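> Pasting the sequence and the predicted model now:
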Amino acid sequence: MPTREDLDKVLLIGSGPIVIGQAAEFDYSGSQACRAIREEGIEVVLVNSNPATIMTDPEIADEVYLEPLEPEYVERIIEKEQPDALISSLGGQTGLNVSAQLAEQGVLEEYDVELLGTSLETIHMSEDRQQFAEFLDDIDEDTARSMTVESVDQVDEVIKKFGLPVIMRTTYTLGGSGSGVVRSREELEQKVEKGIELSMTDEVTVDESIEGWKEFEYEVIRDKNDTTITICNMENIDKMGIHTGESTVVTPSQTISDDVHQRMRSTGIRVIRDLGIIGGCNIQLAYNDATDEIKVVEVNPRVSRSSALASKATGYPIARVTAKIAVGKTMDEIRNDITKETPASFEPTIDYVVTKIPRWPFDKFEGVDRTIGSAMKSTGEVMSIGRTFEESMKKALRSLDIVEPEFDTDEEVQRYLETPTDIRMFACIEAFRREFTVDDVVEATDFDRWYVARLKKIADMEERLADEGATEDAVREAKRLGFTDREIAEHTGESLGDVEDSRGEATYKMVDTCAAEFEAETPYYYSSWESVDEVKDTKGDKVLIVGAGPIRIGQGVEFDYCTVHAVQALENEGVEAQIVNNNPETVSTDYDTSDKLFFDPLTLEDVVNIVENEDVDWVMTQFGGQTSVNLAVPIAEELERRSLDAAVVGTSPDSMDLAEDRDRFNELMDDIGVKQPEGGTGHSEEEALAIADDIGYPVLVRPSYVLGGRAMQVVWDEFELREYMEEAVRVSPDHPILVDEFLADAVELDIDAVSDGEDVLIGGIMEHIEAAGVHSGDSACVLPPQNVDEERLDEARDAVRKIAKELEVEGLLNAQMAVQDGEVYILEANPRSSRTIPFVSKAVGVPLAKAAARAMMGTSLDEMPYEDEPYGDHVAVKEVVLPFDRLPGVSPTLSPEMKSTGEVMGVDYGFGRAFYKAELAAGNPLPDSGTVFVSVRDKDKDDIVDVARKFSDLGFSLVATEGTQKHLKEHDVEADFIEKVHEASPNVVDLMKRDEVDLIVNTPDEKRAREDGVDIRREAVDRDVPYITTLRAAEAAVEAIESAATEEISVNSITGYLENR
Amino acid sequence: MTEMDAYLALEDGTVVEGQGHGVAGEVQGELVFTTQYTGYEESLTDPSYEFQLLMFTYPLIGNYGVDPEVFQSDGIKAEACIAREFSTDPDDVLQWFRDEEIPAMSGVDTRALTIKTREHGAMNAGLVVGEDVSEERAVELAEDCPPISSKDLGARVTVSERQRLEGYGGSDVEVALIDCGCKKNIIESLRQRSIDVVRMPYDSTSGDVRDVDPDAVFVSNGPGDPAQYTDAVDVVDEFTGELPVAGVCLGAQVVGRAFDAETYKLKFGHRGANQPVKDLEDDVVHITAQNHGFAVDEDTLGSDLEVTEINANDGTSEAVRSDYLKVEARQYHPEAHSGPRDTEEEFFDGVKEDFVEGL
């Protein structure tokens, strides 16, 4: 069936901000889908609130709307664009939910918009546990059984039916509290009783536990002609009980026979067929070795995180094929874009081993529970490809870009084997360095023996290297098992050069969907230590762009966006653009993004091996965030050491170092007359205390040897500083701490610019909405600035130009500045891509990363069609999304350490409206009525009056703590009195518990108030109550609510806003 | 245990060195590759691999041990097994090679060899395994290796005498199965449908079949060139129009030849568990297991047989049928084991219906 002729325009809904459980994979699938649909001559209208995505680039879709993914906004877009159809299956759960709401509200019917792909009925059927279980029963497939329990008397029956353990599921309670594995009768009785009490429906659900069964996933695609194929299967090393998104996963399956594999595959195909799913989807299955039983766990009726992994693992473009199917094609009509010869209606097969390991954010949170289980905590993942399992595993472990954990005692190792955490795989390898046996580790981890025996080989190899030294045999075998030269040098005690002499050369193999059965055109490679290299010989100049690795807090999808932009820019510069990266969720690792893709770890050795093999001329490290920036200097040195004729292009590594070296940077700022907050370096506790005393509290402290805000803190008095030095960061002459004046109440500015070495292009200036002392990555911001006068802005611009010139920046420059009492200060300047690049680029319509890549290759800014800060009449607000709801127990406070996982953009005419959209898109919708709690510090008391009055005028009732209430009353604003938290009840926490407060404005100053703030915020996070901590944000909120109350919702495409300039 | 070396030589002069396993010895035959990542036990015991050195494109073979229950014949039928690496924990597969006295080789860049095979076409090969082996000997073996088409391979893998196997749960109908090297699961799939199977040597004559007086004739899979199977072609020729006839893989080629079609050697064959087959009636694509180096030239097929399915990759014929003659043959392996089971029910249920109805 050819593409449908009745479709002229379709609407695609994206997945919104990066959150735990929904990362960059939908940028990848959405971008691929847009291209696939437009190839068919159909226009695509895209809506997504996340600016840090490639899919929201103007060239990806015909119209791009950066609007909240809420039904009423999407409805306006539908009204305006009049699409013929809607594709719901490529925007994750968010896209699916919005589509379902639009259908249920009759919007699709009203505007005659067809829902393409899987029907809503099917989606409901696969998402509703009860319905799904009944469906499976009807087609004679097995699943974990489930029972509704209404009284403790039924516990006997439950145990008789399911045995122990069982899984308790409380229904309709907050945060799923009380759910989980129950192992004893007493516990079950207790939990059932409590669960029933808490439940709004007076019942709980108890499921049979299949914990400990092997867990598999099959990626399935079906077209409307009923052709149904599986793309690959995946085996979770972690067994049932650990969320597949939290599991270490291997493709293809290693430990099951063809019989078991084919039975699961057949079950998968049957379930998907009978459900009637159209397009890509995923089925999870559990297998019990002992009883040879298979059970269906669940179906994801859409493209998912696993689809991205399966696509990258096999080379098969699932999103592309799903999109083509949605617009009418069948798989036999779609060409396999990899071989260019065969159709998409085949099953890929692979001749390598793929390993995926999640990346967890535990390094960002003190005291966080590192245990992993049935709920997602990871923010991203790495994938690696090897010809041996060990190679695949070792590459994946080093791709995580974390400090390898150390274990002190056997008991500690044992504990980490038994308890699933982020470092269990490291513990397995460590165990074999300590005389644990394979049986010990199998027993402790419950991993399949095959994996454990393989992990042992890694430790055995280390021992062999130590015993045997760098013999050619040992070195080659170690390379095949994925050891780096440096590791081999370390274990053997030989020099790096000696190891390199005996190891041979890396060979690069192709990911071609067919295990070499057919000739393929794809430029997608991975490194191996085999005899034949297959990379297609190409002539001409080559640039290798170092990617950003896994999505993590502080290094999100925005750096993938920059990486992809760099590639796109180079297309016009007549050079071959190559990417090295290890993140399977991203656009940068799509087979058709770059001229050549190397799916490899981002370590010095792996990267420079590519440079050597490929005869690369230039390496770009500016775009991949801290991971690639940290490699700039080492790569430059390594190129020299290996005598390779290549260079790190752009701003010199020395300038990058200068920007990060506190003393050198201070000196430079003094020289060029740019003010900095006062500060000093404390090499001992006494010295640090003296500096702080000198500057006056509060001060900002951080260790000098850690980059990127780690362990940075504002301390308010000597006691806190001592506490910091005792508990958080030990001070020593080798590890001094930096103590800086904290510019309280300053307005912070963020500036993104590009320089070609001569001229500077300022893309845009953002003003932070959050208080100073919050990490810039966590602060909401607005562009253009709203509260800083032109003279101050000019000073800031001047400073940026001077710094760019002095640092001889070629490429990007991000400056963080502060304005306090009319003075402009520089806080930091970083000559590399920043996380605000996509936001600014979209808000002003200037692709800064592209301009930077071209400038780095020698094109002058003069030759580019861009002007400075081309603001329009619109205002853009960036708001962040925080992961506190996913990480129970973590203190939900913002600090100088970054904690947000993602961001959204709200655009409109006027700050209030833009802010309103941004808050809505970030999942903190501002209320249109109800009660506002107000408690502000003395300094803000005068200014809060107008805000409070406006709330009152808008029909809100106010409650306030003593001081604030009094002050408001004096200015004729009525507010009810309420106790302070920690003083008496009822206080605002009680109000929240009773659902009697809809917005919180709390600007704390003293330490006590900040402690109250923690409790308030925790409760607010759990109850989804918007929480505002600065006067500026309060003003913004009331302006936003006012505009929402008085004006119609308006939507506009991003090009629409820009054209109105 | 002493370590053994191995040399593999190909007819184009390629020689690679690797580790030897199983037993010391030398073999010659055609080097072929299969792209399946599971099913090594089933593949190695598939009699169609007679006179072939079977190389797995998946680099890790033997991970889940060896289970004799799934063997497709009484033991390993491939001349040798080549993989990047064999599992040592469990080490069942290595033990199996020793037990069956099969030479095997690991430690070679199998992907490079696969590409060579794809580009050159399947090549004759020589493999030597032992403690003191020479590269020259491997080259000699490769050079001396007779072409697979010249070999009467059916003789090596067929049953020596007629054997009657009853259907499970009843005996609805009886089929004479011409065993050219039949996979166990073809017989199982028939018996599971209450079909009695009379397994007959590959060179049975029409007279031999008449002695049995079956309700239908089924030609199995088997190794080598279908042109070698003249007796089987005669049987099909004789009984067509009288009894329903079915065939799988080589059986399909035999059926084609009985209808005067020509068969030819594919460049490097289809071997794997991911081959797409398109049903020309409803355009649905099924994924199939395949293992064949020869194919029926559909242009020479004449009008009695209709091509009903084709390979979606290269357009070669995958199924032929005649409704009025009740002839039904598949180039792929609907019986799977190993491989996907998408077409098992449809094919075997269909032939049973034909067998029961008769002509």
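Ah, there it is.

> domains for the chain, by residue range?
Let's take chain A. A:9-116, A:145-208, A:214-348, A:356-503, A:507-657, A:678-734, A:747-905, A:928-1046 (automatic domain parsing).

> That was the other one, I meant chain B.
According to automatic domain parsing, the ranges for chain B are B:4-146, B:154-357.

> start to end distance for the longest one?
By Cα to Cα, to the nearest Å, the extent of domain B:154-357 from end to end equals 31 Å.

> ok, A:Glu974 to A:Thr964 distance?
According to Cβ to Cβ, to the nearest Å, A:Glu974 stands 12 Å off from A:Thr964. For the C-beta atoms, the positions are set from N, CA and C on the backbone; glycine is no exception.

> before we move on, what about A:Pro252?
63 Å.

> More neighbours: these two, which one.
A:Thr964 (29 against 23; other Cβ atoms under 10 Å in any protein chain shown).

> Just the CA trace of stretch A:545-558, in CSV.
The C-alpha coordinates for stretch A:545-558 follow below in CSV (Å, rounded to 0.1, in the frame of the first residue of the first chain):
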residue,chain,number,x,y,z
ILE,A,545,33.4,15.8,16.8
VAL,A,546,33.5,14.4,20.3
GLY,A,547,30.0,13.8,21.6
ALA,A,548,28.5,14.2,25.1
GLY,A,549,27.9,10.7,26.3
PRO,A,550,25.0,9.7,28.5
ILE,A,551,22.3,12.1,29.6
ARG,A,552,23.0,13.1,33.2
ILE,A,553,22.2,16.0,35.4
GLY,A,554,24.4,18.9,34.3
GLN,A,555,25.0,17.3,30.9
GLY,A,556,21.7,16.9,29.1
VAL,A,557,20.4,16.6,25.6
GLU,A,558,21.4,20.2,24.9
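
> Please work out the average pLDDT along that stretch.
Here stretch A:545-558 scores 94 as its mean pLDDT.

> mind checking how far it is from the chain centre?
8 Å (Cα atoms, centre = their mean, to the nearest Å).

> does A:Tyr73 count as helix, strand or coil?
At A:Tyr73 the chain is in helix, as set by DSSP: H, G, I helix; E, B strand; the rest coil.

> contacting residues for it?
When contacts are counted by Cβ atoms under 8 Å, 6 or more residues apart in numbering or on different chains, A:Tyr73 touches A:47, A:67, A:917, A:920, A:1049, A:1051.

> Redo the residues you listed as a markdown table? Include distance to A:Ala1040 and neighbour count.
Listed next are those as a markdown table, based on distance: Cβ to Cβ, whole Å; neighbours: other Cβ atoms under 10 Å in any protein chain shown:
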| residue | distance to A:Ala1040 | neighbour count |
| --- | --- | --- |
| A:Val47 | 20 | 28 |
| A:Glu67 | 15 | 27 |
| A:Lys917 | 8 | 30 |
| A:Leu920 | 9 | 23 |
| A:Ile1049 | 13 | 16 |
| A:Val1051 | 16 | 23 |
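
> export the residues you listed to TSV and tack on pLDDT, distance to chain B and secondary structure?
Shown next, in TSV, are those (pLDDT from 0 to 100; distance: Cβ to the nearest Cβ, whole Å; DSSP: H, G, I helix; E, B strand; the rest coil):
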residue	pLDDT	distance to chain B	secondary structure
A:Val47	97	34	strand
A:Glu67	97	40	coil
A:Lys917	96	45	helix
A:Leu920	95	45	helix
A:Ile1049	88	46	coil
A:Val1051	96	41	coil
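
> Now do the buried residues in the helix or strand where A:Ile691 lies.
A:Ile691 belongs to helix A:685-695 when assigned by DSSP states H and E. For helix A:685-695, the neighbour count (16 or more other Cβ atoms under 10 Å in any protein chain shown) marks A:685, A:687-689, A:691-692, A:695 as buried.

> what does the next helix or strand after it rub up against?
Beyond helix A:685-695 in the direction of the C-terminus, DSSP H and E gives the next helix or strand as strand A:699-703. If you take Cβ under 8 Å, 6+ apart as the criterion, strand A:699-703 is touched by A:677, A:688, A:691-692, A:709-715, A:721, A:724, A:729, A:735-742, A:773, A:896.

> Counting neighbours, which of the residues you listed end up buried?
Members of the contacts of strand A:699-703 classed as buried by 16+ other Cβ under 10 Å are A:677, A:688, A:691-692, A:709-715, A:721, A:724, A:729, A:736-742, A:773, A:896.

> Just these: which are in helices?
Per DSSP state H, helices hold the following members of the buried ones among the contacts of strand A:699-703: A:688, A:691-692, A:721.

> quick one: which two of the residues you listed are the most distant?
A:Ile691 and A:Leu721 (9.8 Å; Cβ to Cβ).

> For the residue of the stretch 351-500 of chain A found nearest chain B, give me its contacts.
Going by Cβ to the nearest Cβ, chain B is nearest to A:Ala453 of the stretch 351-500 of chain A, at 3.9 Å. Residues in contact with A:Ala453 (Cβ under 8 Å, 6+ apart) are A:438, B:89.

> Also B:Glu79?
Per Cβ under 8 Å, 6+ apart, neighbours of B:Glu79: B:27-29, B:49-54, B:102, B:127.

> please redo it, this time with the cut-off set to 7 Å
Contacts for B:Glu79 (Cβ atoms under 7 Å, 6 or more residues apart in numbering or on different chains) come out as B:27, B:29, B:51-53.

> With distance to chain A as added columns, please give the residues you listed in JSON lines.
Output for these, formatted as JSON lines (distance: Cβ to the nearest Cβ, whole Å):
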{"residue": "B:Val27", "distance to chain A": "23"}
{"residue": "B:Gly29", "distance to chain A": "20"}
{"residue": "B:Phe51", "distance to chain A": "21"}
{"residue": "B:Gln52", "distance to chain A": "16"}
{"residue": "B:Leu53", "distance to chain A": "17"}
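
> Which members of those are positioned in strands?
If you go by DSSP state E, those have B:27, B:29, B:52-53 in strands.

> how about those, which pair is most distant?
So for the ones in strands among the contacts of B:Glu79, where distance means Cβ to Cβ, the most widely separated pair is B:Val27 and B:Gln52, at 10.0 Å.

> So for these two, which sits in the more crowded spot?
Neighbour count, other Cβ under 10 Å: between B:Val27 and B:Gln52, B:Gln52 has more, with 27 against 19.

> Might one say that the more buried one is in contact with B:Ile76?
No - contact between B:Gln52 and B:Ile76 fails when scored by Cβ atoms under 7 Å: they sit 11.6 Å apart.

> Name the SS class of the closest residue to chain B within the stretch 801-950 of chain A, please.
Using Cβ to the nearest Cβ, the closest approach of the stretch 801-950 of chain A to chain B is made by A:Ala853 at 34.2 Å. Under three-state DSSP, the three-state class of A:Ala853 is helix.

> hang on, it packs against A:Leu570?
Yes - applying Cβ under 7 Å, one finds A:Ala853 in contact with A:Leu570, separated by 6.0 Å.

> out of the two, which sits in the more crowded spot?
Neighbour count, other Cβ under 10 Å: between A:Ala853 and A:Leu570, A:Ala853 has more, with 32 against 26.

> And that one, how far from A:Gln568?
For A:Ala853, the distance to A:Gln568 - Cβ to Cβ - is 8 Å.

> Ok, A:Glu298 next?
38 Å.

> for B:Glu238, same thing?
68 Å.

> Repeat that for A:Asp8.
27 Å.

> the more surrounded of the two?
A:Gln568 (19 against 13).

> Report the contact partners of the more buried one.
A:Gln568 neighbours (Cβ under 7 Å, 6+ apart): A:Lys850.

> Brilliant, that's me finished.
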